[in-house]
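In: task: produce atomic coordinates for the following.
(chains A, B, C and D, ligands or ions: 2)
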Amino acid sequence: MNTKELYQQIILDHGKNPRNLRKTENFNKDAKGYNPLCGDKVHIYLKLNENKKVEDISFEGQGCAISMASASIMTDLIKGKEEFEVKEIVNDFLDMIKEKDKLNNNILGEDDKTKLMCLSGIKQYPMRVKCATLSWHTLTSAINNFKEEINTEDN
Amino acid sequence: MNTKELYQQIILDHGKNPRNLRKTENFNKDAKGYNPLCGDKVHIYLKLNENKKVEDISFEGQGCAISMASASIMTDLIKGKEEFEVKEIVNDFLDMIKEKDKLNNNILGEDDKTKLMCLSGIKQYPMRVKCATLSWHTLTSAINNFKEEINTEDN
Amino acid sequence: MNISNIKEEFPIFNNKIQNNDLVYLDSANSAQKPQVVIDRVYDFYSKEFSNVGRSVHYLAVAATNLYENTRSSVQKYINAKDKNEIVFTKGATEAINLVANTFGQKYLNKGDEVLITELEHHSNYVPWHFLRKSKKINIEFAEVNEDGEVTLQSIEKKINNKTKIIGITHLSNVTGAILPVKEIVSLAHSKGIPVLVDGCQGAPHLKLDMQDLDCDFYAISGHKMYGPTGIGILYAKKKWLEDLPPYQGGGGMIKEVKKQGISFGDLPNKYEAGTMATAQVIAFNESIKFLEKIGIENIQNHEKVIVDYAVETLKKNNSVELIANPKNRGGVISFTIKDIHPHDIATILDEDGVAIRAGHHCCQILHDKLGVPATARASIGVYNTKEDIDKLNSSINKCKKIFNL
Amino acid sequence: MNISNIKEEFPIFNNKIQNNDLVYLDSANSAQKPQVVIDRVYDFYSKEFSNVGRSVHYLAVAATNLYENTRSSVQKYINAKDKNEIVFTKGATEAINLVANTFGQKYLNKGDEVLITELEHHSNYVPWHFLRKSKKINIEFAEVNEDGEVTLQSIEKKINNKTKIIGITHLSNVTGAILPVKEIVSLAHSKGIPVLVDGCQGAPHLKLDMQDLDCDFYAISGHKMYGPTGIGILYAKKKWLEDLPPYQGGGGMIKEVKKQGISFGDLPNKYEAGTMATAQVIAFNESIKFLEKIGIENIQNHEKVIVDYAVETLKKNNSVELIANPKNRGGVISFTIKDIHPHDIATILDEDGVAIRAGHHCCQILHDKLGVPATARASIGVYNTKEDIDKLNSSINKCKKIFNL
Ligand SMILES: Cc1ncc(COP(=O)(O)O)c(C=O)c1O
Ligand SMILES: Cc1ncc(COP(=O)(O)O)c(C=O)c1O
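Out: Numbering: from 1, shown residues only, chains lettered A, B, ... in the order given. Ligands and ions are numbered 1, 2, ... in the order given. I've put the predicted structure just below:
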């Protein structure tokens, strides 16, 4: 693995032209994530319908190619999934980034899995793993309704 | 120089039975000295008469053999001297302990100088030099009326 | 690793000190360093040096991992529940200042009491003293008994409903007494009072189990644990580290910084402002590994043999007076000799290569109580032997001879 | 010592880092260590180790002398008036916290203003921030101009009769701007306001003369001056050190300790509580000697050549945007590349052994002003060469290629 392989075309593409980089109208779940080390920021917006299905998902934020691509690919895959499926996908992705060779969920199709596996190279760059996982952790917060707002006031 | 030579009989004698270890009645100058490192304490009392002659000098305190002997010998030599002579002797002693081979003042006789030179061995024990000089510095304070009391109150 | 020839692991003993073999009996002051620790510092600077946590280049990543590895090792060694309960400081003194300052800010108010003991080192008194002025609190002292111990009862007697925190030493650096910390913590907790333990002398010599002791704070000095100078450890329960305000401000401990305000980082960063003692923290891992390799039980057994032998030897030496007689004693023995001041003893012993400490050992309150301004202290490390004690004793005899006793 | 082959004095450059020669351009973060410094630490631990100032045995006396020798060397190096104006801390961050805390305690009250600049590192902002809460003071920020400088006028504009202290960096760790410290101090003093200078980036690269600068406080980071980690220096005028209250409490900094109260030691002990970073202080003397041996003029000339070459090279590289253009610049160059995030740049450069830093460099206020969350930063040390800059540039070109620019 070298950086040429890490920054493959799909990452650069999603990094430069992120999908779903906007704010969902009438979102009913959201959360903010922040990486103080590098300043990456993300704000995830979700609209779950009455059947707990993701009707829309979007994000706002700024960050490196890895973090933007990760948020972009994630939002693409999550759209239309049921809440319980979302949780499974998130866990599977985080496990994969942490230690597993591949994705094990039965929810995503092979194409989607291949897309996600593009991010697996980041494992070899430990200081950058957070770039890839930030939006995923933030999605979990949004789903669980942990609105951990960054407090810039005195404390 | 070894410790057997450092702790020669005269030091042990003055250390064990210090002369002038008492408090001068009607003293008109005094000062306290303290070495926080080892806990040595000394309080010097002086009685200068109208001609600025040392009518009496004494001390109270506790400390190691070196510091007790130094105070004892010092008080013995200082008694009866004029104030300006005292200052000269003190400076000469401190210079000797710091860097000189011998005492240069013309006030003390050879016998007294020999007695004082017993303390010169301390030069080779840098951490102990303060033991030998504490009472001398305190004498200077007393003469100059710097009543630097140790403040044990909050500050 | 065999403890009987452990001296070989410490290069300092390979050299003569003023033509003598070094008889180092000043480990309570600071311990000597094993070769593995010294080498680790050397190698880190020579081949791997980088600041931690701030850059993404290879050396920085590697250093950050090494740094965090030490945190994990310490966690394991002291059986803390969470890695983030380990805060690196510059020393135990800073660790205690951190607690006094932040706990004081948040929880101490006029009239409140801090309970410490007459055995405390100045490091576990002066930081609380600062709050006397700024917060108008009072400091109470649990009494030491004739044997140089502070008992559970002595603590209990001083607890009242104004007591807000208790600070106790684990092992006295003057009397050698090991305090019943677990019992004191349990008593204090039953009254809702947190306990800080000054573990400077405990950590190098006793088996540590934070979850069992259940104390709220435990301060450790790296250099007394055969580690580099410039590093200490504060163990604190997570709830406290989350609850208390930060101590020092600077890089690394913040979350977001705006002109109007600042939010602070999560653990462990919150309490580690600025560039830390990177090389020292990394090398300290070797100290921990070294202690683990020997085994704390072996260390305790060995040190007990030596200290018992020392007590027995010095008791037999007339004119030597031991200043305490604790039932549960660590490797610290303080003594006086009638008619020889401790500083004179230390100077004469030093001539034979016997390094002890003389003075008040940063425990003036205790010395006031004992009625002596200074004592001589021999303290034991993992490398000491019975021969060291014999040499101590014969040098003491030389003192007596010089002083015509 | 010839500066052109000074790399040889630094063992880190003898080893390949991931099969590459190391191109270390992260010295503003932390500098590499010369062999003499590394050896000094090793030898001290191996042959001479003891705690300082507390025992009277041979090793302790020797260590105390070595420790105090560093104080004298630092005094001479920075031309302080008095040896006791040098306080050893664990780092520059602690040095600034010490000043903010003690000055704040004594002199800051509700409504008072502390004036810092938009260039300040978090270490020179967060400690003052703490006083916003405890003392209800305000913090004002002197503005940075388009070239990344803070001018005398910009400071003057923010001074008013509520301004009680001014804190400025000597050399910005992001824009590289060298501030007109002497002029600022003179202006401030004319209004009776003391000045603290964050000298972290100034000390390793500029000629220091405290008596000429006339600042009240100057904070230095040992590890950025080719010294060990875990040591910093606070220079402060004697009148301040005598006047301000102590910072941390513990052994060594007291005069007399009673149950009712405590009196504090004289300088330099008052601000050095607990066991200090003995080995690091002692080894730091070698850093000073090393810098003296090369000569600060030679260092400044050499670094100027390298930084000018770097600016020129990067200016010619299109798509690279330098984020500042100070007239008086030290060896720090921050830049961005349109469409490549600094962290991606740093990762790709690292593959070639080129170590830079990416992020906000602990200067979020400045990055907010610049309107970018992060920048890439190359910073220069005494060992850098034009070849290092060429390698930086070619790695940047590789980034551009990977990102199809
Ligand atoms: C300008 C400036 N100030 C303060 C600091 C903090 O120094 P340290 O981390 O050594 O405490 C740094 C370095 O990170 C710096 O560059
Ligand atoms: C019981 C005790 N507490 C605190 C300290 C202070 O530790 P340090 O000097 O490492 O900060 C010491 C050592 O001097 C000690 O023996």
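In: my guess is C:Lys33 contacts C:Lys224. True?
Out: No: between C:Lys33 and C:Lys224 there is no contact under CB atoms under 8 Å: 11.2 Å. C-betas here are computed from N, CA, C, even on glycine.
In: chain D versus the residue of the stretch 1-150 of chain C found nearest chain B, what's the distance?
Out: Closest residue of the stretch 1-150 of chain C to chain B, CB to the nearest CB: C:Lys133 (5.3 Å). To chain D, C:Lys133 is 9 Å away according to CB to the nearest CB, to the nearest Å.
In: likewise for C:Val114?
Out: From C:Val114 to chain D the distance is 13 Å (CB to the nearest CB).
In: what residues does that residue make contact with?
Out: Contacts for C:Val114 were tallied using CB atoms under 8 Å, 6 or more residues apart in numbering or on different chains; they are C:108, C:128, C:131, C:137-140, C:163-167.
In: list the buried residues for the helix or strand C:Glu286 falls within?
Out: Using DSSP states H and E, C:Glu286 sits in helix C:278-294. Residues C:278-288, C:290-291, C:294 are the ones in helix C:278-294 that count as buried (16 or more other CB atoms under 10 Å in any protein chain shown).
In: and if you look at stretch C:180-194?
Out: Judged by neighbour count (16+ other CB under 10 Å), stretch C:180-194 contains these buried residues: C:180-181, C:184-185, C:187-188, C:193-194.
In: and stretch C:145-155, by the same measure?
Out: For stretch C:145-155, burial by neighbour count (16+ other CB under 10 Å) applies to C:145, C:148-152, C:154-155.
In: wait, which of the residues you listed is closest to D:Asn2?
Out: Within the buried residues of stretch C:145-155, proximity to D:Asn2 (CB to CB) peaks at C:Gly148, which comes in at 61.5 Å.
In: part of a helix, is that closest one?
Out: No: according to DSSP: H, G, I helix; E, B strand; the rest coil, C:Gly148 belongs to no helix; its state is coil.
In: can you name the residue of chain A nearest ligand 1?
Out: Nearest to ligand 1, among the residues of chain A, is A:Leu37, at 13.9 Å (CB to the nearest ligand atom).
In: what's around that residue, how many residues?
Out: When neighbours are defined as other CB atoms under 10 Å in any protein chain shown, A:Leu37 has 21 of them.
In: need the residues of chain A near chain D, please.
Out: Within chain A, the positions lying close to chain D (CB under 8 Å from any CB of the partner chain) are A:2-4, A:6-7, A:12, A:16, A:37-41, A:62-66, A:125, A:128, A:131, A:154.
In: rerun that using 6 Å as the cut-off
Out: Chain A comes close to chain D at residues A:3-4, A:7, A:38-39, A:62, A:64-65, A:125, A:154, as judged by CB under 6 Å from any CB of the partner chain.
In: save these as JSON lines, and put in secondary structure, neighbour count and distance to D:Ser46 too.
Out: As requested, the residues of chain A next to chain D are exported to JSON lines (DSSP: H, G, I helix; E, B strand; the rest coil; neighbours: other CB atoms under 10 Å in any protein chain shown; distance: CB to CB, whole Å):
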{"residue": "A:Thr3", "secondary structure": "helix", "neighbour count": "18", "distance to D:Ser46": "42"}
{"residue": "A:Lys4", "secondary structure": "helix", "neighbour count": "12", "distance to D:Ser46": "46"}
{"residue": "A:Tyr7", "secondary structure": "coil", "neighbour count": "23", "distance to D:Ser46": "47"}
{"residue": "A:Cys38", "secondary structure": "coil", "neighbour count": "25", "distance to D:Ser46": "41"}
{"residue": "A:Gly39", "secondary structure": "coil", "neighbour count": "23", "distance to D:Ser46": "44"}
{"residue": "A:Gln62", "secondary structure": "strand", "neighbour count": "15", "distance to D:Ser46": "51"}
{"residue": "A:Cys64", "secondary structure": "coil", "neighbour count": "27", "distance to D:Ser46": "45"}
{"residue": "A:Ala65", "secondary structure": "helix", "neighbour count": "25", "distance to D:Ser46": "48"}
{"residue": "A:Tyr125", "secondary structure": "coil", "neighbour count": "21", "distance to D:Ser46": "38"}
{"residue": "A:Asp154", "secondary structure": "coil", "neighbour count": "12", "distance to D:Ser46": "49"}
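In: of those, which is the nearest to D:Ile306?
Out: Of all the residues of chain A next to chain D, D:Ile306 sits closest to A:Thr3, with 26.0 Å by CB to CB.
In: nearest spatial neighbour of that closest one, chain-adjacent residues omitted?
Out: Once flanking residues are discounted, A:Thr3 sits nearest to D:Ile348: 4.5 Å by CB to CB, 6 or more residues apart in numbering or on different chains.
In: quick one: the one you found is in a helix?
Out: Yes: the assignment for D:Ile348 by three-state DSSP puts it in a helix.
In: now, the most widely separated pair of the residues of chain A next to chain D?
Out: Based on CB to CB, the longest span within these runs between A:Lys4 and A:Asp154 and measures 46.4 Å.
In: tell me where the model's unsure across chain C.
Out: Applying pLDDT under 70 to chain C picks out residues C:54.
In: correction: chain A
Out: Short version for chain A, where the test is pLDDT under 70: A:146-155.
In: just the strands in it please.
Out: A:29-35, A:40-48, A:54-62 (DSSP state E).
In: show me which residues of the last one are buried.
Out: Residues of strand A:54-62 classed as buried: A:54-61 (neighbour count, 16+ other CB under 10 Å).
In: same list (the residues you listed) but as JSON lines, adding distance to chain C.
Out: Output for these, formatted as JSON lines (distance: CB to the nearest CB, whole Å):
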{"residue": "A:Val54", "distance to chain C": "29"}
{"residue": "A:Glu55", "distance to chain C": "32"}
{"residue": "A:Asp56", "distance to chain C": "28"}
{"residue": "A:Ile57", "distance to chain C": "25"}
{"residue": "A:Ser58", "distance to chain C": "23"}
{"residue": "A:Phe59", "distance to chain C": "19"}
{"residue": "A:Glu60", "distance to chain C": "17"}
{"residue": "A:Gly61", "distance to chain C": "14"}
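In: farthest-separated two in the residues you listed?
Out: Maximum pairwise distance in these, criterion CB to CB, is 20.9 Å, between A:Glu55 and A:Gly61.
In: interface residues of the stretch 51-200 of chain C facing chain B?
Out: Counting by CB under 6 Å from any CB, the stretch 51-200 of chain C sits next to chain B at C:Lys133.
In: need the residues of the stretch 51-200 of chain C near chain D, please.
Out: Near chain D, when you scan the stretch 51-200 of chain C using CB under 6 Å from any CB, you find C:51, C:54-58, C:90-91, C:93, C:97, C:122-123, C:126-127, C:129-130.
In: what's the neighbour count on the residue of the stretch 201-350 of chain C found nearest ligand 2?
Out: Ligand 2 sits closest to C:Ser221 of the stretch 201-350 of chain C, with a gap of 3.3 Å, by CB to the nearest ligand atom. C:Ser221 is flanked by 28 other residues according to other CB under 10 Å.
In: residues contacting it?
Out: The contact partners of C:Ser221, by CB atoms under 6 Å, 6 or more residues apart in numbering or on different chains, come to C:91-92, C:200, C:232.
In: that one bridge partners, please.
Out: In this entry, C:Ser221 is beta-bridged to C:Gly232, by DSSP bridges.
In: was I right about A:Glu55 contacting A:Lys47?
Out: Yes: taking contacts as CB atoms under 6 Å, A:Glu55 lies within contact range of A:Lys47: 4.6 Å.
In: just the element for the residue of the stretch 101-250 of chain C found nearest ligand 1, please.
Out: Of all residues in the stretch 101-250 of chain C, C:Gly250 sits closest to ligand 1, at 6.0 Å by CB to the nearest ligand atom. Using DSSP H and E, C:Gly250 maps to neither a helix nor a strand.
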